[in-house]
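In: mind looking at a prediction? Sequence and model below.
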Amino acid sequence: MDRLQNIETFVRVAQTQSFAEAARQLRVAKSVVTTRIKQLEDYLGGPLFHRSTRVVRLSELGQAFLRDCTELVGRANDIVDQMRDVRGKPAGTLRVHALTGFVLGHFGALLREFQARYPEIRLELIVGDNVVDPVQAGVDCALQIFPAASSELISRPLFAVRRVFCATPQYLAQHPEPQDPRDLHHHQLGLYSGYPTRDRWTFYKDGGELTTYLSAALLTNSVHLLREYALEHAGIVCLPTLVAAEAIRTGALQMVLPQYQLSSFWLSAVYAGTSRNAFKLKLFIEDVTAAFGRVPPWDAALVAAGLLPETLVEA
């Protein structure tokens, strides 16, 4: 019996509450997971889980065993990774979940440079706008803008994600340009569906704030679709600057209500404190931080052009 391997399998089943999901994440057959857990239970002399067709939950013995096992697995993997680093060769697979709007157009160069620096690290990147629990999703880290799904997770802020309203000059030439946020009610609006404030929008100007409720002609979870919608002269959209900045800089899109600000979110790296790939994850987050900084290059260009204020309003 490989005791450490069986303990790692136990931790993965406990975290995912599923033998099948643990098998998928470990890339082994479900029968292998079942065998490892049975070997560990036989060794300990009692059941680690109560199982039914729908639920897998820890037994009293499993609950007592889990914390120390989680720390043991995390520490063991960290030691191995550090020893590989001493040899100059950190290796293994690092799984990351990241926002679609962030990775498209901004992430390719970073990935190329990271892999050139650490050629034995295999990256597995899952792209999507949904908020995930890294443990449940089987990833080492989630790069996302909304709060962590669990208070047991670590959330490390990387940079602010600003939002602006914008439209094409052609659209604004054919429709009265809004001078007040409430004027948006008279326009075709494209809005992102995932914001926690839903239809409630607050605008900030000169220390004051104005709140209004906006109804979208197009409501979607894709910020890239919103940009395409705007570029078709279909209406006014709200976009994060990481998606809109280049089109604004070239004049393809024009900011609407530039005298008002929306609150900004923070893109954060969310991960478990006992991540089994803590050392590789540390290297990856350091590269992301170095590449984008606290003021990412797309915002810095708009600030330098006088299109964005240096200060921001945080959500």
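Out: Sure, I can see it. Numbering: from 1, shown residues only.
In: can you list the buried residues in stretch 294-306?
Out: Residues 296, 298-299, 301-303 are the ones in stretch 294-306 that count as buried (16 or more other Cβ atoms under 10 Å). Where you see a C-beta, it was placed from the backbone N, CA and C, and this is true even at glycine.
In: let me fix that, I meant to ask about stretch 247-267.
Out: For stretch 247-267, burial by neighbour count (16+ other Cβ under 10 Å) applies to 247-248, 252-257, 260-267.
In: repeat that for stretch 10-30.
Out: Across stretch 10-30, burial judged by 16+ other Cβ under 10 Å covers 10-16, 18-19, 21-23, 25-26.
In: looking at the residues you listed, which one is closest to Ala76?
Out: Taking Cβ to Cβ as the measure, Ala76 lies nearest Val11 of those, at 10.9 Å.
In: what helix or strand does that closest one sit in?
Out: helix 3-16 (DSSP states H and E).
In: helices and strands around that helix, which ones?
Out: helix 19-26, helix 30-44, helix 60-86, helix 134-137 (3 or more Cβ pairs under 8 Å, 6 or more residues apart in numbering; DSSP states H and E).
In: make it 6 Å
Out: helix 19-26, helix 30-44, helix 60-86 (3 or more Cβ pairs under 6 Å, 6 or more residues apart in numbering; DSSP states H and E).
In: what's the nearest residue to Ala109 if we skip its chain neighbours?
Out: Nearest non-adjacent residue to Ala109, counting by Cβ to Cβ, 6 or more residues apart in numbering: Ala291, 7.8 Å away.
In: is the one you found in contact with Gly108, as I believe?
Out: No: if you go by Cβ atoms under 6 Å, Ala291 and Gly108 don't touch, sitting 11.3 Å apart.
In: list the buried residues in stretch 106-119.
Out: 106-107, 110, 114, 118.
In: oops, could you answer that again for stretch 283-297 instead?
Out: Neighbour-count burial for stretch 283-297 [16+ other Cβ under 10 Å]: 283-285, 287-288, 291-292, 296.
In: inside helices: which ones of these?
Out: Those of those mapping onto helices are 283-285, 287-288, 291-292, per DSSP state H.
In: from Val270, how far off is Val131?
Out: 9 Å (Cβ to Cβ, to the nearest Å).
In: who has more neighbours out of the two?
Out: Remark: of Val131 and Val270, Val270 carries more neighbours, 23 against 17, as counted by other Cβ atoms under 10 Å.
In: please name the residues that touch that one.
Out: 142, 148, 153, 155 (Cβ atoms under 6 Å, 6 or more residues apart in numbering).
In: where does the second one land on pLDDT?
Out: Right, the one you point to is Ala148. Ala148 is assigned 76 on the pLDDT scale.
In: part of a helix, is it?
Out: No: Ala148: not assigned to a helix; according to DSSP: H, G, I helix; E, B strand; the rest coil it is coil.
In: that one is in contact with Ile154, isn't it?
Out: No: counting by Cβ under 6 Å, Ala148 sits too far from Ile154 to count as a contact (7.7 Å).
In: which one's more surrounded, these two?
Out: More crowded of Ala148 and Ile154, by other Cβ under 10 Å: Ala148, with 19 against 15.
In: thinking again about what came up before, helix 30-44 and the helix holding Val11, what's the angle between them?
Out: Here helix 3-16 points in a direction 110 degrees away from that of helix 30-44 (axes from the mean of the first three to the mean of the last three Cα atoms, to 10 degrees).
In: returning to what we had before: okay if I get the buried residues of stretch 106-119 as CSV plus secondary structure, pLDDT and distance to Ser31?
Out: Putting these into CSV (DSSP: H, G, I helix; E, B strand; the rest coil; pLDDT from 0 to 100; distance: Cβ to Cβ, whole Å) gives the following:
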residue, secondary structure, pLDDT, distance to Ser31
His106, coil, 86, 42
Phe107, coil, 89, 37
Leu110, helix, 92, 39
Phe114, helix, 94, 36
Tyr118, coil, 91, 34
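In: just these now: which is nearest Arg163?
Out: Nearest to Arg163 among the buried residues of stretch 106-119: His106, at 16.3 Å, using Cβ to Cβ.
In: closest to Ser222 out of the helices and strands packed on helix 3-16?
Out: From the helices and strands packed on helix 3-16, taking Cβ to Cβ, the stretch that ends up closest is helix 19-26, at 26.7 Å.
In: so in the chain, where's the weakest helix or strand by average pLDDT?
Out: Every helix and strand in the chain was compared by mean pLDDT, DSSP states H and E; the lowest is helix 60-86, with a mean of 74.
In: relative to its centre, which residue of the chain is most distant?
Out: Note on the chain: the largest C-alpha distance from the chain mean falls to Gly45, namely 40.9 Å (Cα atoms, centre = their mean).
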